[in-house]
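Peer 1: have a look; sequence and predicted model below, questions after that.
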Number of protein chains: 4
Amino acid sequence: MKNTKFKGIIAYPITPFDENEKVDIVLYKQLLERLIVSGSHAVAPLGSTGVMPYLNDEEKEAITQATVSQVNGRVPILVGVSNLTTERTIYHAKAAEKVGADAVMIIPMSYWKLSDDEIVKHYDAVAKQISIPIMAYNNPATAGVDMSPSLLKRLLEISNVTMIKESTGDVQRMHYLKKELGDDVAFYNGSNPLALAAFAAGARGWCTAAPNLIPELNIALYNAIQKNDLQEAQKLFYQQIDLLRFIVDKGLPRAIKAGLHIQGVEGGQLRKPLQPLTEKEISELSTILKLVNN
Amino acid sequence: MKNTKFKGIIAYPITPFDENEKVDIVLYKQLLERLIVSGSHAVAPLGSTGVMPYLNDEEKEAITQATVSQVNGRVPILVGVSNLTTERTIYHAKAAEKVGADAVMIIPMSYWKLSDDEIVKHYDAVAKQISIPIMAYNNPATAGVDMSPSLLKRLLEISNVTMIKESTGDVQRMHYLKKELGDDVAFYNGSNPLALAAFAAGARGWCTAAPNLIPELNIALYNAIQKNDLQEAQKLFYQQIDLLRFIVDKGLPRAIKAGLHIQGVEGGQLRKPLQPLTEKEISELSTILKLVNN
Amino acid sequence: MKNTKFKGIIAYPITPFDENEKVDIVLYKQLLERLIVSGSHAVAPLGSTGVMPYLNDEEKEAITQATVSQVNGRVPILVGVSNLTTERTIYHAKAAEKVGADAVMIIPMSYWKLSDDEIVKHYDAVAKQISIPIMAYNNPATAGVDMSPSLLKRLLEISNVTMIKESTGDVQRMHYLKKELGDDVAFYNGSNPLALAAFAAGARGWCTAAPNLIPELNIALYNAIQKNDLQEAQKLFYQQIDLLRFIVDKGLPRAIKAGLHIQGVEGGQLRKPLQPLTEKEISELSTILKLVNN
Amino acid sequence: MKNTKFKGIIAYPITPFDENEKVDIVLYKQLLERLIVSGSHAVAPLGSTGVMPYLNDEEKEAITQATVSQVNGRVPILVGVSNLTTERTIYHAKAAEKVGADAVMIIPMSYWKLSDDEIVKHYDAVAKQISIPIMAYNNPATAGVDMSPSLLKRLLEISNVTMIKESTGDVQRMHYLKKELGDDVAFYNGSNPLALAAFAAGARGWCTAAPNLIPELNIALYNAIQKNDLQEAQKLFYQQIDLLRFIVDKGLPRAIKAGLHIQGVEGGQLRKPLQPLTEKEISELSTILKLVNN
């Protein structure tokens, strides 16, 4: 396999804000530390969970810098550097490499739907400017464009595009990736409710915000798969599925922040237009968290 | 679990026609016998594979009768009895029970989209007239209506609706069924490309036309799951996935008939408007069948 | 234009049943007569409104015969003859021609999704056996297959396929038909809420069940278009849109029957699984009918 | 009607870039002038056509300033000020009002799908900070969120939200707006291929990039509607439909720029990842432009 550094549970931290909607770097480091010490195999700042698109350039750079400094080599770091323009994507990819990221994640953000050729040129232009690996991230729900398996195949011809994160929610996409691309390419699951199906299909890792709330269960599921114990994995999966569905349905940043608060952990504020969960939703989440941990 | 008779590989025979588009019962029995002796755990005549909606009443009754007589108690029999009208559905359900079917399968066929209440009344009216179990079958692609998990839950309150066949192609539906309905209810996978994901999710059986062509692989996959050997199951799944996808993409009756011919087995004719696969498609299928068996 | 007989308001009668769910031919003739005397330009028995797919062969033939006899040459008759199998479609098309239908309407009913080639062969096989014109009917919601504009173009190469009924609900399909097919081909609108947009786009007629309830408004809308008076047409359209939406949302046979009852007209029973509207829906329809007529 | 300033053809200029992908303000003013002198009733800088989301804050302000100065009171100006965060949306809305925009257009851009409450709070927060009118813009294809008619109704309760631009491509949405919201609210069509259907439905204006290429035809269509001449409007619509479809299919900025070049007008460069049309597409556009003008 081309890339071996990232596997298992790849944890996505949220980006906390203070009461003036400014990024709270001190709190960010504390939340990141929780992910590391609870056993995540890698961390991924500036993902969807980290509301990357809502941050300006300086804020993104501050988060990346804080991550590298806090992690201090304990786990690999995957930094989100996606941007609507190719120029800004290159800028952030280079910045991430410079401060010490192990890899960058790029989703083809699009306002105008991009053609396949435009997407290939976009990735290629970025890839030429950095030497660390790129994870191509497919998530039509947030990107507005759905990269077909054949397009992903084209992207993998770019030498440092070595990982694919699949978040369409359709496990058959993963079957295709595994079948067509073979063992040279690592694919990662980005759809929480597909955690079991994706590992069964051969996913190398699970990109997830869930370790902010239930790290033990996430890691136990991965370990059961590693031990080839499907029955145990199935049991663990059904134990956590309600939480996985809840955080996806309500939006990861909003749901994680609410869950942290329920668990007595300070998670900071959201940046508008994102609003806190309603009281009813918070109550539902409390119930789920209690059941999950029994 | 309410019903224990049906599990594992539930094989769907095709309905062969002669050159005048008449049902060929002699050939049907031969094709059915192949499914039994190759190890299928149950058979299901008059499914989509058996082009049930294209048959008239007499033809359906002849197929059911032939199945019972040929099977002769060796495996359980699940007979498709769906019809647009409630009256005809009752008619065929009673007829199937009378000649010795072990259970009936009912999809809410709809020209006019049925409301949830209409669907519940439809199943209830049939259930009252028979004493064998009913498998409720959800397949929006052929039925024109998608039964939500909450509707399926309502159907399961009818005492002899004890099994659910899920064919939406969305493995998360199965997660929901397992999680919400618990171990009282058996759910079956009707989506071939989801065979592995469905077993991982806890499906009790796999309703499939594939044993007409690759029975050993289908059964081996089920056995690997039974042995809790995920790695072996994954390997076997990827060995057969191309065939599973092909037969679904081209339509089961057309693809199975073509595959039988490639394997030197007489499969009869199709009833129009269904047409044989094109030469190009047949050639593609030949290649897949060769690779599958290596 | 190839065919000139059908234009304006093409009214779809319901098929009424008695208390034993048997077709009530006497009542059918009364309901048909209402459509004729209220000014519809043509009638179309055995459409979706007439629950054709829920009828057996004898019932279909009885309805056709009753229509020809009741109409007695006053308006053109378009008979629905669609069937899952090609053989039965031919049978009913020939029967309709024999008793005096002016044209037949055929939707490519499909359980197994038909390929374009299968659909063309299906229409061609029927067309060869009759000499009256065929209206090709596209309605993915009921047929389960969506005929692309390019497929419709292929169908129009068959000499007696001369009319197209478009019911996708997408007015851009009609733009395409008008633009690509030119003035040789008549296209008809089958989507009630698109009545105004379709006439603006150049539809030659409106296939609708609405004249069972509001014939004056339907005909007035057509007349305004004929007079090139868009403002009047717009006013008339907004006067009836709530009713048009309601009958589509609830299903035409159910909604029309309920509306007739509200208007004091006997409409007979439905055939199960179709159920009457709920009391709440009936009350909503009453309100709409009152407002429409003011 | 609450707002009367905007009606008819509201023309969307592109934002041209120089060879270093910098905004070319001089060229922008020339392209804007073409729209004004060819008779557009209003102009709308920083729309999707103007690739607003690909611009940084300074660039957006420069475009707004240049528009006000070039227009010099001749036609009303509608400025796009949408942003992912509420804070930046307020910033640009205030800036636009300050330099002299007549109204602002806001689409609820979303990476994380916004709830209805989040969207209402977003608009309300902006509305409170400005006194010029707001056009709420619904376009799920670019925004990633589809505002339901009931949500739009809620937005209209905010006093300076007075206009709605509908770009779902579904004319029935416009029927709903007209029917439910009455004559107090002006709705505008943002879907080029629906130009005729939208005017027939009562749209007050047409937000379009087409006047960059075929201003005479766009304006003639509006004039025919004003004269209540549906037949003339229909003829004019079918004359321009191929161009309208082409520019939508290929993406407005890319298609307009190519069309300008074909017409001998300098349109500048695109900003990456957007790429020029392929030669084949350009050739297709040339053919369409020739036919349109005959």
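Peer 2: Arrived safely. Numbers count the residues shown, from 1 in each chain, chains lettered A, B, ... in the order given.
Peer 1: now the helices for the stretch 101-250 of chain A?
Peer 2: A:116-127, A:140-143, A:149-155, A:171-181, A:195-201, A:215-226, A:230-250 (DSSP state H, counting those that start in this stretch).
Peer 1: among the ones you listed, which comes closest to chain C?
Peer 2: Nearest to chain C, of all the helices of the stretch 101-250 of chain A, is helix A:171-181, at 17.9 Å by C-beta to the nearest C-beta. Yep, even glycine has a C-beta here, placed from its N, CA and C like the rest.
Peer 1: does anything pack onto the closest one? Which helices or strands?
Peer 2: Applying 3 or more C-beta pairs under 8 Å, 6 or more residues apart in numbering or on different chains; DSSP states H and E, we find helix A:171-181 packed against helix A:149-155, strand A:161-166, strand A:186-189, helix A:195-201, helix B:230-250.
Peer 1: redo these as JSON lines? Include mean pLDDT and distance to chain D.
Peer 2: As requested, the helices and strands packed on helix A:171-181 are exported to JSON lines (pLDDT from 0 to 100; distance: least, C-beta to the nearest C-beta, whole Å):
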{"stretch": "helix A:149-155", "mean pLDDT": "94", "distance to chain D": "13"}
{"stretch": "strand A:161-166", "mean pLDDT": "96", "distance to chain D": "15"}
{"stretch": "strand A:186-189", "mean pLDDT": "95", "distance to chain D": "20"}
{"stretch": "helix A:195-201", "mean pLDDT": "98", "distance to chain D": "21"}
{"stretch": "helix B:230-250", "mean pLDDT": "97", "distance to chain D": "27"}
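Peer 1: contacts only, for A:Arg173.
Peer 2: For A:Arg173, the contact set (C-beta atoms under 8 Å, 6 or more residues apart in numbering or on different chains) comprises A:Asn138, A:Pro149, A:Glu166.
Peer 1: can you rerun that using 6 Å?
Peer 2: The neighbourhood of A:Arg173, defined by C-beta atoms under 6 Å, 6 or more residues apart in numbering or on different chains, consists of A:Glu166.
Peer 1: check contacts around the residue nearest the centre of chain A.
Peer 2: Central residue of chain A (C-alpha atoms, centre = their mean): A:Cys207, 4.4 Å from the mean position. Residues in contact with A:Cys207 (C-beta under 6 Å, 6+ apart) are A:Ile10, A:Lys165, A:Tyr188, A:Gly190.
Peer 1: please redo it, this time with the cut-off set to 10 Å
Peer 2: A:6, A:9-12, A:42, A:44, A:47-49, A:78, A:105, A:135, A:137, A:163, A:165-167, A:188-192 (C-beta atoms under 10 Å, 6 or more residues apart in numbering or on different chains).
Peer 1: how about the stretch 1-150 of chain A: which residue is closest to chain C?
Peer 2: A:Lys113 (17.9 Å).
Peer 1: what's the local residue count around the residue nearest to that residue when sequence neighbours are not counted?
Peer 2: In space, not counting the residues next to it along the chain, A:Lys113 is nearest to A:Val145; the distance is 5.7 Å by C-beta to C-beta, 6 or more residues apart in numbering or on different chains. Using other C-beta atoms under 10 Å in any protein chain shown, the number of residues around A:Val145 comes to 20.
Peer 1: could you do A:Ile77 as well?
Peer 2: Neighbours of A:Ile77 (other C-beta under 10 Å): 26.
Peer 1: can you give me the pLDDT of it?
Peer 2: Looking at A:Ile77, its pLDDT stands at 98.
Peer 1: what is the neighbour count of the nearest residue to A:Ala127 once chain neighbours are set aside?
Peer 2: Counting by C-beta to C-beta, 6+ apart, A:Ala127 lies nearest to A:Ile158, which is 4.8 Å off, once chain neighbours are set aside. Counted with other C-beta under 10 Å, the neighbours of A:Ile158 add up to 16.
Peer 1: right, and A:Ile158 touches A:Gln129 too?
Peer 2: No. Using C-beta atoms under 10 Å, A:Ile158 makes no contact with A:Gln129, being 12.0 Å away.
Peer 1: about what we covered before: from A:Ile134, how far off is the residue of the stretch 1-150 of chain A closest to chain C?
Peer 2: 21 Å (C-beta to C-beta, to the nearest Å).
Peer 1: how about A:Ile106?
Peer 2: 6 Å.
Peer 1: mutual contacts of those two, please.
Peer 2: A:Val81, A:Ala93, A:Tyr123, A:Val126, A:Ala127, A:Leu155, A:Val161.
Peer 1: what's the closest of the residues you listed to C:Ala255?
Peer 2: A:Leu155 (51.0 Å; C-beta to C-beta).
Peer 1: where does pLDDT dip in the stretch 1-150 of chain A?
Peer 2: A:1-4 (pLDDT under 70).
Peer 1: now the strands for it?
Peer 2: A:8-11, A:42-43, A:78-80, A:103-106, A:134-138 (DSSP state E, counting those that start in this stretch).
Peer 1: and the angle for the longest one with strand A:161-166?
Peer 2: Calculated by axes from the mean of the first three to the mean of the last three C-alpha atoms, to 10 degrees, strand A:134-138 forms an angle of 20 degrees with strand A:161-166.
Peer 1: rewinding a little: from the shared contacts of A:Ile106 and A:Ile134, which is closest to A:Glu266?
Peer 2: A:Val81 (27.7 Å).
Peer 1: ok, and the closest non-adjacent residue to the closest one?
Peer 2: A:His92 (3.9 Å).
Peer 1: equivalent analysis for A:Asn138, please.
Peer 2: Per C-beta to C-beta, 6+ apart, closest to A:Asn138 is A:Met147, 4.5 Å.
Peer 1: if we can go back for a sec, you'd agree the residue of the stretch 1-150 of chain A closest to chain C is up against D:Gly144?
Peer 2: No. In this structure, A:Lys113 is not within contact of D:Gly144 by C-beta under 10 Å, at 11.7 Å.
Peer 1: who has more neighbours out of these two?
Peer 2: More crowded of A:Lys113 and D:Gly144, by other C-beta under 10 Å: D:Gly144, with 21 against 14.
Peer 1: just checking, that one touches D:Tyr111?
Peer 2: Yes. If you go by C-beta under 10 Å, D:Gly144 and D:Tyr111 touch, sitting 7.2 Å apart.
Peer 1: and for the two, which residues touch both?
Peer 2: Common neighbours of D:Gly144 and D:Tyr111 (C-beta under 10 Å, 6+ apart) are A:Ala141, A:Thr142, A:Ala143, A:Gly144.
Peer 1: among those, which two are most distant?
Peer 2: Maximum distance among the shared contacts of D:Gly144 and D:Tyr111 (C-beta to C-beta): 8.6 Å, for A:Ala141 and A:Gly144.
Peer 1: between these two, which contacts overlap?
Peer 2: By C-beta under 10 Å, 6+ apart, the residues touching both A:Ala141 and A:Gly144 are D:Tyr111, D:Gly144.
Peer 1: just to revisit the earlier point, which one of the shared contacts of D:Gly144 and D:Tyr111 is nearest C:Asn228?
Peer 2: A:Gly144 (42.1 Å).
Peer 1: run through the residues that contact the closest one.
Peer 2: So A:Gly144 contacts A:107-114, D:111, D:140-144 (C-beta under 10 Å, 6+ apart).
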